[in-house]
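Visitor: My questions are about this predicted structure, shown below with the sequence.
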Amino acid sequence: MSQDIAIVGLAGRFPGAADIDEYWNGLLAGRVAVSRLSREELAAAGVPAALLDDPAYVPARGLLDGPELFDAEFFGIPPREADLMDPQHRLLLQTAWEALESGGLITDRPPGRVGVFAGSGFNYYLQQQVLADPAIVAEQGLLSVVLANEKDHLAARIAYRLGLNGPAIGVQTACSTSLVAVHLARQSLLTGDSDLALAGGVDLEFPHLAGYRYEPKGIMSPDGSCRPFDAGANGTVPGSGVGMVVLKRATDARRDGDRVYALISGSAVNNDGAAKVGYTAPGVAGQVDVLTRAYAAAGVDPAAIGYLEAHGTATEVGDAIELSALHEVFGQGRGGCSLGSVKANIGHLSAAAGIAGLIKVALALHHRRIPPLAGLDRPRAELTDPGSPFTVDGVAREWTAPPLGQPRRAAVSSFGLGGTNVHMVLTEGPDDEPSPTPAAPDVVLVSAPTGPGLRSAADRLARHLTDHPGLPLPDVALTTQRHRRHFTHRIAVAAQDTAGAALALTSAPARTALRRPEVVFLLPGQGAEAPGMAAWAYHRHPSFAADIDRGSRLALPLLGVDLRDLLVDRDPAGLIHRTDLTQPALVLHEYALGRLLTTFGVRPAALLGHSVGEYAAACLAGELGLGDTLRLVAERGALMLRAPEGGMLVVLAAPSVVRAELAPLDELDIAAVNAPEVVVVSGPVDALTRLRARLDAAGIQHRVLPTERAFHSRMMAGAAAGLDAVAATVEAKPAGVDVISSVTGRVLSAGGLRPAGYWAEQLRSPVRYLDAVVAAAARSRAVFVEVGPGSGLIGSARQVPEARQAPMVALQPRRDDLLGGLGALWAYGVELDWTAVRAGTPAIRTPLPARPFAAERHWLDTPAPVAPTGHRAGADPDAAPAAAPAAEADGDDTTVGQIVEIWRSLLGVPTVGADSDFFTLGGESLLFIRMIAQVQRRFGVPVPIADLADAPTPRAVAAHVIRG
């Protein structure tokens, strides 16, 4: 069994780098990202003037931008809890999400057991901000403070907030923490405890905008520079950072088509024990042992390593001992291994140092480039010896492949204060880049939990596509469809190419997904047909083609014509406009399209057919078999064609107005009411001519329909009688889904049967489409979907007041229309099977930018000092103290108001109402118990927690308080 573990995702924020791309670009450029802080910046941050004047004070540090910013709402964390939480926990939680998203692994269905292995640095925030405010601790309770800050809960919180059910283990080994976490994650994958693993660490130096005091013979640099393995190196520089990688067994990654940045082939961890001069000193023997065992575990000769990311702190003792151990393990050589340390770029990130180095190595292997050792002036003497196996690079260079087809290999070390050492051996990922994806139209999806977040995410993706015009659109679409978690606020854009998608994303309408939407299929009648209307779907979707083929074979003996000549070919004979052929062709097309949509996951809650479209509805509902449906429709079309000639007229007026105009013209009938002011009239041509004259005189708009028969009128009586005889020979079955009758405008519920003579009545009666749409719109979550070659039914439905708020989508089986329609359905909350939609369209997952997090400030400012009188400094000592709330409230509103204020204080949520649900607002069980305790203390009455389980609202709590 392969022991290789694949790195399939990574994310991080480091000094001078807001994301992995910026990090890598800075490494390649040899950029030093340690900040030099001005006196003004330091003074504004609260650094005392006496310290600034101290000659030993060094105003340098590796900084992170915005450590106080956090998207609490995204993770369902109440604002007050976020304020209380160690910023390191917050940073790592967001980075965990980004790491999973970078690999296309943060979907609605976690890929098996996902483990979390992580550690953090010292929690300065707890010491200097939280515990410094006793009022906050008293309000929230010590347990809440512990849960929000203790390292024990770092990994477990990530597992909880992201819904991951593998092992969640906190790791604490000082400077080697994050690389030890990766080692443990690797072991978890190999033993089967995890199927996927997140591993990494975070360190946030505090105060953030501050330097440090240099101490002679200490580990800190006197000049604010960190130059590992330089002859003039004199110490390290502190920095802040966060990073995580996503690991998967290499065999699983290959099976799943994951992008592999690098493979971890072996690793080892140990401790120096007492074989060193002091607890904080490094030990040669321990480092030799951990390197030797790591190479043995990987089955790799150290001579095969082309790049080694050293611990490299730039201290005299540390670098000397590390080089001694490396030379003992690697032996003599000719400078074949490049040596580096990322601390030269970003400083020493303590608990995050190891993950910073590992990500650097993974990117170097992935891009096949070796970054330079930043700030190098003169290499140490050990490295200039001709017999040294190591070299150092002052500029970035291409990483040439080893001879004899051997893979590129690298290694990374991390050594912790206290002696816990870890070494890891990496191999480049498989060189099996897939063939370029052919260009093709597709639909790109973006979603977010909030409206502003959606706009930010769409804009970020648009910028990425603009900056990377060579990205194949199908790759982008596949990644957004199947490898991202989908939220309530949504945008979907169908485009021909990547540039078109980028442009569309900037202006696409935002939609809000419905919860459990109820799809209503609208199936049009005659008049919607077009030659070759099934061609695109026929050649793209085999199941659609199979239904068209089967229906055409069934209809051939009935019609003497192969319906594929009308539906798939261009119909040069113009047969599509013959009523006896139009109707079976249209019904077969709608049946096949409806069935195709169900394979995509679009399953109707109700079906509404207009005129002959009602036969397609009956067939899709399971009332009629396809053969019987086509036989009935073929007979219907032939009978209608033999009926007396007549015509039809669309009148843009209300039914009452039209009836008034028809009063003197007894020969005419209302054939359909499609909208409040769209009525169709049928009858003899001469009577229609007289009606037109009346309408012109009244200023009423109208339009003649291109037909030679008077459908849905008394002139169809003979055809209806003939159809009734045929329908009597057909066995009908109960409907498997609700069907809305166009004869009655009411719902025929699932399991029901149509009355005898229904199809005859349907032929001669008016189509009550308006009433049917009103009935469908009574479903509070209705989504109307036109299943046919046009969008006429959607146009009519939009005019119905009761339906105007319902989403409406036309799914025409042409490439762009179908893709755009499916995207709109997804945006309205219909969850699609994108694998079926793609129908084998070649595409591969591609890295896309992570969704942007909202930059909300969550930081407890240090409270003002308390004066001897007990007042806060700066407060008016003569001001009257706030009135204590009365224990006896004079009514429900007063009591509810006081409880609302308790909730607002505990949760930090300003928008608490009388009927707000505590848990919906982000509260958790322990905080709920604390809230009840505060209510009981304030009002002096018992409040039974069990009685509030079904209604945890301020109003319900107040009711218990008032009852006493």
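Guide: Thanks, I have the structure now.

Visitor: Asn549 contacts Leu567, doesn't it?
Guide: If you look again at residue 549, you'll see it is Asp, not Asn. No: Asp549 sits out of contact with Leu567 when judged by CB atoms under 8 Å, with a separation of 10.5 Å. (C-beta placed from N, C-alpha, C; glycine too.)

Visitor: tell me the average confidence for stretch 943-954?
Guide: Rounded to a whole number, the mean pLDDT of stretch 943-954 is 79.

Visitor: which residues are common contacts for Asp549 and Leu567?
Guide: None of the residues lies in contact with both Asp549 and Leu567 under the rule CB atoms under 8 Å, 6 or more residues apart in numbering.

Visitor: Same drill for those two, tell me which one is more crowded.
Guide: Each of Asp549 and Leu567 had its neighbours counted (other CB atoms under 10 Å), and the higher figure belongs to Leu567 (28 against 16).

Visitor: can you tell me which residues contact the closest residue to the more buried one other than its chain neighbours?
Guide: Counting by CB to CB, 6 or more residues apart in numbering, Leu567 lies nearest to Ala534, which is 3.9 Å off, once chain neighbours are set aside. Taking CB under 8 Å, 6+ apart, we find Ala534 in contact with Phe544, Ile548, Leu567, Val568, His589, Ala592, Leu593, Pro813.

Visitor: Just want to check the distance between Leu819 and Leu473.
Guide: Summarising the geometry, the distance separating Leu819 from Leu473, computed by CB to CB, to the nearest Å, is 11 Å.

Visitor: And those two? Which one has more around it.
Guide: Leu473 (24 against 20).

Visitor: Now the common contact residues for Leu819 and Leu473.
Guide: By CB under 8 Å, 6+ apart, Leu819 and Leu473 have these common neighbours: Pro441, Asp442.

Visitor: May I have stretch 803-815 as PDB, with CA atoms only?
Guide: As requested, C-alpha coordinates have been extracted for stretch 803-815 and formatted as PDB (Å, rounded to 0.1, in the frame of the first residue of the first chain):
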ATOM      1  CA  ALA A 803     -48.300  34.800  -9.400                       C
ATOM      2  CA  ARG A 804     -46.100  37.800  -9.900                       C
ATOM      3  CA  GLN A 805     -44.000  37.200  -6.900                       C
ATOM      4  CA  ALA A 806     -43.300  33.600  -7.900                       C
ATOM      5  CA  PRO A 807     -40.000  32.800  -9.800                       C
ATOM      6  CA  MET A 808     -40.500  31.900 -13.400                       C
ATOM      7  CA  VAL A 809     -38.100  30.100 -15.700                       C
ATOM      8  CA  ALA A 810     -38.400  29.100 -19.400                       C
ATOM      9  CA  LEU A 811     -36.400  25.900 -20.100                       C
ATOM     10  CA  GLN A 812     -36.100  25.900 -23.800                       C
ATOM     11  CA  PRO A 813     -34.000  23.000 -25.100                       C
ATOM     12  CA  ARG A 814     -31.400  25.100 -26.900                       C
ATOM     13  CA  ARG A 815     -27.900  25.300 -25.500                       C
END
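
Visitor: circling back: and the contacts of Ala534, which is the shakiest by pLDDT?
Guide: Looking at the contacts of Ala534, model confidence by pLDDT dips furthest at Pro813: 69.

Visitor: which among the contacts of Ala534 gets closest to Ala374?
Guide: For the contacts of Ala534, the residue nearest Ala374 by CB to CB is Pro813; the value is 58.0 Å.

Visitor: low-confidence ranges in the stretch 351-500 of the chain?
Guide: 432-434 (pLDDT under 70).

Visitor: And the helices in it, which stretches?
Guide: If you assign secondary structure with DSSP state H, counting those that start in this stretch, the helices in the stretch 351-500 of the chain sit at 353-367, 381-384, 451-467, 473-482, 498-505.

Visitor: Quickly compare those and say which is most buried.
Guide: The highest mean neighbour count among those, using mean count of other CB atoms under 10 Å, belongs to helix 353-367: a mean of 27.

Visitor: who's in contact with Gly347?
Guide: Neighbours of Gly347 in contact, by CB under 8 Å, 6+ apart: Pro15, Val34, Arg61, Gly62, Cys226, Thr236, Val237, Pro238, Gly239.

Visitor: Out of those residues, who's the most crowded?
Guide: Most neighbours among the contacts of Gly347, by other CB under 10 Å: Cys226, with 33 neighbours.

Visitor: State the pLDDT value of that residue.
Guide: 96.

Visitor: correct me, but it touches Thr236?
Guide: Yes: taking CB under 8 Å as the contact criterion, Cys226 and Thr236 are neighbours in contact, 5.1 Å apart.

Visitor: joint contacts of those two?
Guide: Taking CB under 8 Å, 6+ apart as the contact rule, the neighbours common to Cys226 and Thr236 are Thr313, Ala314, Lys343, Gly347, His348.

Visitor: The last one pairs with what?
Guide: Just to be clear, that refers to His348. Pro238 (DSSP bridges).

Visitor: And the pLDDT at it?
Guide: What the model reports as pLDDT for His348 is 97.

Visitor: tell me, how many neighbours does it end up with?
Guide: When neighbours are counted by other CB under 10 Å, His348 registers 30.

Visitor: Likewise for the third one?
Guide: Lys343 is flanked by 27 other residues according to other CB under 10 Å.

Visitor: Now do the residue of the chain most remote from its centre against Arg690, distance only.
Guide: In the chain, Pro664 marks the outermost C-alpha relative to the chain mean, sitting 62.9 Å out by CA atoms, centre = their mean. Distance, Pro664 to Arg690, by CB to CB: 8 Å.
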